[in-house]
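> predicted model follows, preceded by the sequence.
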Amino acid sequence: MNEGEVGTVPRPLTLPDGRPALSAWTLDPRMRHLNHGSFGAVPRVAQERQNALRAEMERAPVAWFPSLPGRLAAARAAVAGHLRTDGRDLALVPNASAGVGIVHAALAARPGGDIVVTDHGYGAVTMSAQRLADRWGTRVRTARVPLAADAEQAYEAVLAEVDDDVALIVLDQITSATARRMPVERVGAEAARRGVALLVDGAHAPGLLAAPLDGLVCDAWVGNLHKWGCAPRGTAALVARGPLRADLHPLIDSWGAAEPFPNRFDHQGTIDATGCLAAPTALEFIDDTWGWDTARRYMDELAEHGARVVAEAFGRTGNPADPVDVGMPVPGMRLVRLPDGLGASRVAADALRDRATVELGVEAAFTSFDGLGYLRLSAHVYNTPEDYEYFAEACVPVVEKWARGL
């Protein structure tokens, strides 16, 4: 059996000098970090770049801020190159949720005006859609997409909620709670044909997908750079190619307010934009050290191995012994069912996350969907097979005791 096939153990990545990949990060060595997908982790070189930029800003702020628009234009051009899209279509925003709010603020109400989301949608984004519907005096419709739905079934489930009264579809490219793709390309083509706006929440896509915007027709797309891209937090991309771009404005109006999209986003008063300026450093670090294709392949093989090991450990006491079938899987992320009674709601899942951090010394993602709890594994280059084997051996027995109320 070749390396990378189901059942094999991927070889950990190392730095050019032979040190473990983890040495390039400043993560606490006393903990296991198995949840890159939530808040990311910034490599040391990008932290140092941001710190140097902040020091430059503080040495001469009157020189810094007038030069900032030009620096940001260069940074977004570099980010656009990584995403394989045109820098003239890309603005830098604080995070994907901020990008969603910017798009919602730009959309004009229309007769009917209903908004379609799915039951896999990120909570904050769905709440933003509800606030928009409240302003419009319309309603949010939730498309129910089975966890194991394939591309055709997911497409049909979303389109079943779309009729002449729908003005907007908000659809995840990669879902947060359920670690699966949605058929955004096909939905986008049909939405365009019907004249319905589509906002794609690609929060997890940068870094995880090689070219997340290829073949995608949508009014706007947002993606976080701080997750798989490892950029400093507070950095995300907003891409708009159609007529809506003329109405997109940053959260802070400043002296560039009259400039066209995306240039006006380069002027936002005295915000600390050093995270955005350091984002290319993080992206280039992964590319220069391993290459993004190699990194993605390793992350996927590792997540597959980790999910199998952990699922088998839970399976020894009657839980499903295989990773969860999510219908449209994504690289680097997997789901494992938790024992019954654990993580059945978002609040309960978050409580498990906090308990695991304190009692197990593990940063892990616990999620819920349709009344069931899951462990969401999201691997990055600094993770190793031993991380997941440790969780299976040392943590699964404890989690099972929690399920029994012990």
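Yes, it's here. Numbers count the residues shown, from 1 in each chain.
> what are the contacting residues of the helix or strand containing His104?
According to DSSP states H and E, His104 maps onto helix 96-106. Residues from elsewhere that reach helix 96-106 (CB atoms under 8 Å, 6 or more residues apart in numbering): 93, 122, 124-125, 128-129, 131-132, 170, 199, 201-203, 219-220, 222-224, 236-238, 240, 244, 247-251. (Glycine included, C-beta is placed from N, CA and C.)
> equivalent analysis for stretch 178-194, please.
37, 118, 120, 145, 147, 151-152, 154-155, 158-159, 162, 169, 171-175, 197-198, 200, 215-218, 326-330, 333-335, 367, 369, 374, 376, 378.
> out of these, which end up buried?
Buried members of the contacts of stretch 178-194, scored by 16 or more other CB atoms under 10 Å, are 37, 118, 120, 145, 147, 154-155, 158-159, 162, 169, 171-175, 197-198, 200, 216-218, 326-330, 333-335, 367, 369, 374, 376, 378.
> re earlier: pull out the buried positions in the helix holding His104.
96-104, 106.
> which SS class is the residue nearest in space to the middle of the chain?
Nearest to the mean C-alpha position of the chain, counting by CA atoms, centre = their mean, stands His204 at 2.1 Å. Per DSSP: H, G, I helix; E, B strand; the rest coil, the local secondary structure of His204 is coil.
> how near is it to Asp287?
Counting by CB to CB, to the nearest Å, the separation of His204 from Asp287 is 19 Å.
> which of the residues in the host helix or strand of Ala52 are classified as buried?
Ala52 belongs to helix 44-59 when elements are defined using DSSP H and E. Within helix 44-59, the residues scored as buried using 16+ other CB under 10 Å are 45-47, 49-50, 53-54, 57.
> what's around the nearest residue to Leu244 once chain neighbours are set aside, how many residues?
Nearest non-adjacent residue to Leu244, counting by CB to CB, 6 or more residues apart in numbering: Asp219, 4.7 Å away. Using other CB atoms under 10 Å, Asp219 has 24 neighbouring residues.
> what's the pLDDT at Asp219?
We have a pLDDT of 97 for Asp219.
> and it, what is it in contact with?
103, 197-199, 240, 242, 244.
> so how many other residues sit close to Thr126?
Neighbour tally, Thr126, other CB under 10 Å: 20.
> next: His36.
Around His36 there are 25 other residues, counting by other CB under 10 Å.
> surely it touches Ala379?
Yes: under the criterion of CB atoms under 8 Å, His36 makes contact with Ala379 at 6.9 Å.
> residue contacts, the nearest residue to Cys230 once chain neighbours are set aside?
With sequence-adjacent residues excluded and distances taken as CB to CB, 6+ apart, Cys230 is closest to Ala282, at 4.3 Å. Contacts for Ala282 (CB under 8 Å, 6+ apart) come out as 42-43, 45-46, 225, 229-232.
> let's see 7 Å
Ala282 makes contacts with 42-43, 46, 229-231, as judged by CB atoms under 7 Å, 6 or more residues apart in numbering.
> out of the buried residues of helix 44-59, which one sits closest to Lys401?
Gln47 (37.8 Å; CB to CB).
> any idea of the pLDDT on the closest one?
pLDDT, read off for Gln47, is 98.
> and it, what does it touch?
Contact analysis of Gln47 by CB under 7 Å, 6+ apart lists Thr26.
> which of the three states applies to His131?
Residue 131: Arg, not His. Going by three-state DSSP: Arg131 is helix.
> now the helices: where do they sit in the stretch 251-400 of the chain?
Remark: helices assigned in the stretch 251-400 of the chain by DSSP state H, counting those that start in this stretch are 274-289, 292-315, 346-355, 385-390, 396-403.
> list the helices and strands the second one packs on?
In this structure, helix 292-315 packs against strand 333-337, strand 372-378, helix 385-390, helix 396-403, with contacts taken as 3 or more CB pairs under 7 Å, 6 or more residues apart in numbering; DSSP states H and E.
> Leu27: which of those is closest?
Proximity of those to Leu27 was assessed by CB to CB; the nearest stretch is helix 385-390, lying at 11.3 Å.
> what are the contacting residues of the closest one?
Helix 385-390 has contacts (CB under 7 Å, 6+ apart) with 9-10, 32, 34, 302, 305-306, 309-310.
> show me where the stretch 151-300 of the chain has its strands.
Along the stretch 151-300 of the chain, the segments classed as strands by DSSP state E, counting those that start in this stretch run 166-172, 197-201, 220-224, 236-239.
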